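1. From the sequence below, what's the structure:
(chains A and B)
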Amino acid sequence: SAVISQKPSRDICQRGTSLTIQCQVDSQVTMMFWYRQQPGQSLTLIATANQGSEATYESGFVIDKFPISRPNLTFSTLTVSNMSPEDSSIYLCSVEGQNTGELFFGEGSRLTVL
Amino acid sequence: GDSVTQMEGPVTLSEEAFLTINCTYTATGYPSLFWYVQYPGEGLQLLLKATKADDKGSNKGFEATYRKETTSFHLEKGSVQVSDSAVYFCALNLEYGNKLVFGAGTILRVKS
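-> Down below sits the predicted model:
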């Protein structure tokens, strides 16, 4: 298993501002995944972050809106840029278990945009 | 494309009732199947998994059997408790390192 810490756990943000979410893992992992969970909905993958290369974004998500950093094998950040109320969601960081195909999740960062 | 369909909630049960949450999937290959649980105010936790046909995953009294013939992975528990109240997500993964595809989630409410 992996222990994943996210910061902030929650925040209230003003429209038009940007917020960076941090994700720290207690072990080295090749890939880290960022998901969004909109209110009352399931999880949607935003992007996959590999160390040393650009993140791979899913359809409907772009780097300008959700820039991602992956400076080393235990850390990643996701920035939500130029926020609007529609960005109010829980953002979750996850990593894959060793050769298991399962994902371990952080507790999530709950963002509310006013 | 690959997808997961779960029964709609919320599901409301009395304590000690039998639980079934239906999950069916569509996939071009042979996926691994998962149930994740999200307790109020917490992140997602893996509840159980199965990696091949006829496998049964089990944990905390919950069970699910990988049925290839019906493309299903229904979650069951013989006697639910109030503490089982949570959102349950069915998910599939076609290959290691690939993304998980989640169902919409089913809210379970257990009343004492």
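2. buried residues in stretch B:79-95?
-> Neighbour-count burial for stretch B:79-95, counted by 16 or more other CB atoms under 10 Å in any protein chain shown, picks out B:Val80, B:Asp84, B:Ser85, B:Ala86, B:Val87, B:Tyr88, B:Phe89, B:Cys90, B:Ala91, B:Leu92, B:Asn93, B:Leu94. The C-beta positions use only the backbone N, C-alpha and C, and glycine is treated the same way.
3. average pLDDT for it?
-> Averaged across stretch B:79-95, pLDDT comes to 92.
4. and it, C-alpha only, in CSV?
-> In CSV, the C-alpha atoms belonging to stretch B:79-95 read as follows (Å, rounded to 0.1, in the frame of the first residue of the first chain):
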residue,chain,number,x,y,z
SER,B,79,-25.8,-8.2,7.2
VAL,B,80,-25.1,-4.5,6.9
GLN,B,81,-24.2,-2.2,9.7
VAL,B,82,-24.8,1.5,10.2
SER,B,83,-21.0,2.0,9.8
ASP,B,84,-21.3,0.6,6.2
SER,B,85,-23.1,3.8,5.2
ALA,B,86,-20.9,5.2,2.4
VAL,B,87,-20.6,5.6,-1.3
TYR,B,88,-19.6,2.5,-3.2
PHE,B,89,-17.8,2.7,-6.6
CYS,B,90,-17.3,-0.2,-9.0
ALA,B,91,-14.3,0.2,-11.3
LEU,B,92,-12.4,-1.6,-13.9
ASN,B,93,-8.8,-1.6,-15.1
LEU,B,94,-7.7,-3.2,-18.3
GLU,B,95,-4.0,-3.2,-17.7
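5. Quick one: low-confidence residue ranges for chain A.
-> For chain A, the stretches flagged by pLDDT under 70 are A:99-101.
6. what about the residue in chain A that chain B sits nearest to, neighbour count?
-> Going by CB to the nearest CB, chain B is nearest to A:Glu107 of chain A, at 3.9 Å. Neighbourhood size, A:Glu107 [other CB atoms under 10 Å in any protein chain shown]: 17.
7. Could you pull up phi and psi at it?
-> phi -80, psi -10 (degrees, to the nearest 10).
8. Equivalent analysis for B:Val82, please.
-> Dihedral angles (degrees, to the nearest 10) for B:Val82: phi -60, psi -40.
9. ditto for B:Asp84
-> With angles defined as degrees, to the nearest 10, B:Asp84 sits at phi -80, psi -10.
10. next one: A:Ser89
-> Dihedral angles of A:Ser89 (phi, psi; degrees, to the nearest 10) stand at phi -160, psi 180.
11. residue contacts, it?
-> By CB atoms under 8 Å, 6 or more residues apart in numbering or on different chains, the contact list for A:Ser89 reads A:Arg36, A:Gln37, A:Gln38, A:Pro39, A:Arg110, A:Leu111.
12. mind checking how far the nearest residue to the residue of chain A closest to chain B once chain neighbours are set aside is from B:Val110?
-> Leaving aside its sequence neighbours, A:Glu107 sits nearest to B:Gly43 (CB to CB, 6 or more residues apart in numbering or on different chains; 3.9 Å). Using CB to CB, to the nearest Å, B:Gly43 is found at 21 Å from B:Val110.
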